[in-house]
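Trainee: I would like to see how this sequence folds:
(one chain, ligands or ions: 1)
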Amino acid sequence: MFIAAARARKLILRNLEAIGYEPDEAAWRSIRMGVKRDLQAHRLRPNVPIPSRRNPVRYLKAMFRETGSIYDTLVSFLHDGTWTSSGGSFRLAEQLGFDLVHEANRRLQADGTLRYLEVGGGWAGLKSPASGSSRDIAGLAKHFERDLGQSVFLHFTNLTQWHADLPKGIFEHPYVTAAGLPVLDTQGIPPGTVGILYSQAAAYFETDVKSFLAAAAALLCPGGLLIFNLRPEYVGLVSDCAGTGGLTMRKSCDLGGMNGVVVAFEKQPSLKKGRAAVVDMTGMKSLRAKQYPAEKGRPYASNQR
Ligand SMILES: C[S@@+](CC[C@H](N)C(=O)[O-])C[C@H]1O[C@@H](n2cnc3c(N)ncnc32)[C@H](O)[C@@H]1O
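Mentor: Next comes the predicted model:
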């Protein structure tokens, strides 16, 4: 685990250096934690519910059942903390009223090609047995089976490598952070080519939200859709920066708790050179004024405690 973590950190730094980006202390701390959580999560079944550590008996039982290792169980309880087992899903987009399969279909029909990018896709639904009709990357892959690798390209990033091999047309980009997305230009995703950019509980951990937003805006094609969730304290910053990248806010919703605020932006169809875009801030304003009730039940990733 320690060697794997050191290697992942080295490769992340290499990617960041390639784009001339240096994370600050807070960003690096968050990345280190993310790497650790990724490595832990690799060992669990996707989306397996792990009880809170506030209930030690249930937590230890569940972790032992999942890992089969007393050592791993105790280390996770006493030191590593939160374990995640992120399956990936479109749940937060759906909470905002977006059906990503429908969105993908529409864009493919209109443009003749579709590039989908998910930041922090985890297992991306590709490890779950019932992935055929699922609402995640695996579901998209099934839906566009015949177009995959021809006119439909599905990409996702992770802080570590989660997948050993993937079907044609699906690409994992490991060791990539949200602020470090520009490196994808060297990995087959040129700027201005992404139709849908989605991130559920991943860009959420990025502390340099400004760089993430700029990178996401640059990757999106005209009319491209960006949906992600973020911490409420970053809402003001995001609303202030969006216009520079030509992003117009379409929808937002404060889900409360660990889901934070989900936002949807659209890249303007075309930007006149040298002129900043006019940003529709109505959603953000009402968001600041009004707090939405917290979502009932378990947060999307029950193990993020
Ligand atoms: C809790 S999982 C979420 C996985 C999946 N999106 C889901 O909803 O199940 C967190 C994911 O975010 C990624 N991640 C963590 N910190 C990140 C950062 N600063 N930038 C980009 N991705 C990050 C991890 O590699 C992991 O894939």
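Trainee: For the rest of this, base every contact and every neighbour count on C-alpha atoms.
Mentor: Noted.
Trainee: For the residue most central in space within the chain, give the beta-bridge partners.
Mentor: For the chain, S199 is the residue whose C-alpha lies nearest the centre (CA atoms, centre = their mean; 2.8 Å). Counting by DSSP bridges, S199 is bridged to F228.
Trainee: how about it, what does it touch?
Mentor: S199 is in contact with E118, V119, G120, G121, I227, F228, N229, counting by CA atoms under 8 Å, 6 or more residues apart in numbering.
Trainee: Give me the distance between it and A93.
Mentor: Using CA to CA, to the nearest Å, S199 is found at 9 Å from A93.
Trainee: Check Y71 too.
Mentor: 38 Å.
Trainee: what about the two, which has more around it?
Mentor: A93 (21 against 11; other CA atoms under 10 Å).
Trainee: That one: what's it in contact with?
Mentor: D99, L100, I227, F228, V262.
Trainee: Mark which of the residues you listed are buried, thanks.
Mentor: Buried members of those, scored by 16 or more other CA atoms under 10 Å, are L100, I227, F228, V262.
Trainee: per-residue confidence at the second one?
Mentor: The reference is to I227. At I227, the model reports a pLDDT of 98.
Trainee: Helix, strand, or coil at the nearest residue to it once chain neighbours are set aside?
Mentor: Leaving aside its sequence neighbours, I227 sits nearest to A264 (CA to CA, 6 or more residues apart in numbering; 4.4 Å). Under DSSP: H, G, I helix; E, B strand; the rest coil, the three-state class of A264 is strand.
Trainee: what about this protein, any weak spots by pLDDT?
Mentor: Under the criterion pLDDT under 70, the flagged ranges of the chain are 80-85, 129-132, 270-305.
Trainee: Can you name the residues of the stretch 101-250 of the chain sitting close to the ligand?
Mentor: 119-122, 158-160, 177-178, 200-203, 205-206 (CA under 6 Å from any ligand atom).
Trainee: Could you rerun that using 8 Å?
Mentor: Residues of the stretch 101-250 of the chain lying close to the ligand by CA under 8 Å from any ligand atom are 118-124, 157-160, 174-180, 199-207.
Trainee: which secondary structure element contains L197?
Mentor: Following DSSP states H and E, one finds L197 within strand 194-199.
Trainee: mind checking how far whichever helix or strand comes after that strand is from the chain centre?
Mentor: Sequence-wise, the next helix or strand downstream of strand 194-199 (DSSP H and E) is helix 209-219. Relative to its chain's centre, helix 209-219 lies at 13 Å (CA atoms, centre = their mean, to the nearest Å).
Trainee: ok, and the closest non-adjacent residue to G224?
Mentor: G224 sits nearest to G195 (CA to CA, 6+ apart), 4.5 Å away.
Trainee: tally of neighbours for that neighbour?
Mentor: So G195, with other CA under 10 Å, has 26 neighbours.
Trainee: now the strands: where do they sit in the stretch 151-300 of the chain?
Mentor: Along the stretch 151-300 of the chain, the segments classed as strands by DSSP state E, counting those that start in this stretch run 152-158, 170-174, 194-199, 220-230, 247-256, 260-267.
Trainee: Of those strands, give the one that comes closest to N105.
Mentor: strand 152-158 (10.0 Å; CA to CA).
Trainee: coming back round to it: was I right to think the residue nearest to G224 contacts R115?
Mentor: Yes - assessed by CA atoms under 8 Å, G195 is found in contact with R115 at 5.5 Å.
Trainee: Let me see the contact set for I19.
Mentor: Here I19 is in contact with G180, P182, V183 (CA under 8 Å, 6+ apart).
Trainee: would you list the residues you listed in CSV and tack on neighbour count?
Mentor: Listed next are the contacts of I19 as CSV, based on neighbours: other CA atoms under 10 Å:
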residue, neighbour count
G180, 26
P182, 26
V183, 21
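Trainee: Turn the strands of the stretch 151-300 of the chain into CSV, columns for distance to A8.
Mentor: Output for these, formatted as CSV (distance: least, CA to CA, whole Å):
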stretch, distance to A8
strand 152-158, 10
strand 170-174, 9
strand 194-199, 21
strand 220-230, 24
strand 247-256, 32
strand 260-267, 27
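Trainee: so where do the helices sit in this structure?
Mentor: 2-18, 25-41, 56-67, 70-75, 91-95, 100-111, 137-143, 209-219, 235-241, 282-289 (DSSP state H).
Trainee: Turn the ones you listed into JSON lines, columns for distance to L166.
Mentor: Below are those laid out as JSON lines (distance: least, CA to CA, whole Å):
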{"stretch": "helix 2-18", "distance to L166": "20"}
{"stretch": "helix 25-41", "distance to L166": "18"}
{"stretch": "helix 56-67", "distance to L166": "24"}
{"stretch": "helix 70-75", "distance to L166": "28"}
{"stretch": "helix 91-95", "distance to L166": "23"}
{"stretch": "helix 100-111", "distance to L166": "20"}
{"stretch": "helix 137-143", "distance to L166": "11"}
{"stretch": "helix 209-219", "distance to L166": "23"}
{"stretch": "helix 235-241", "distance to L166": "34"}
{"stretch": "helix 282-289", "distance to L166": "38"}
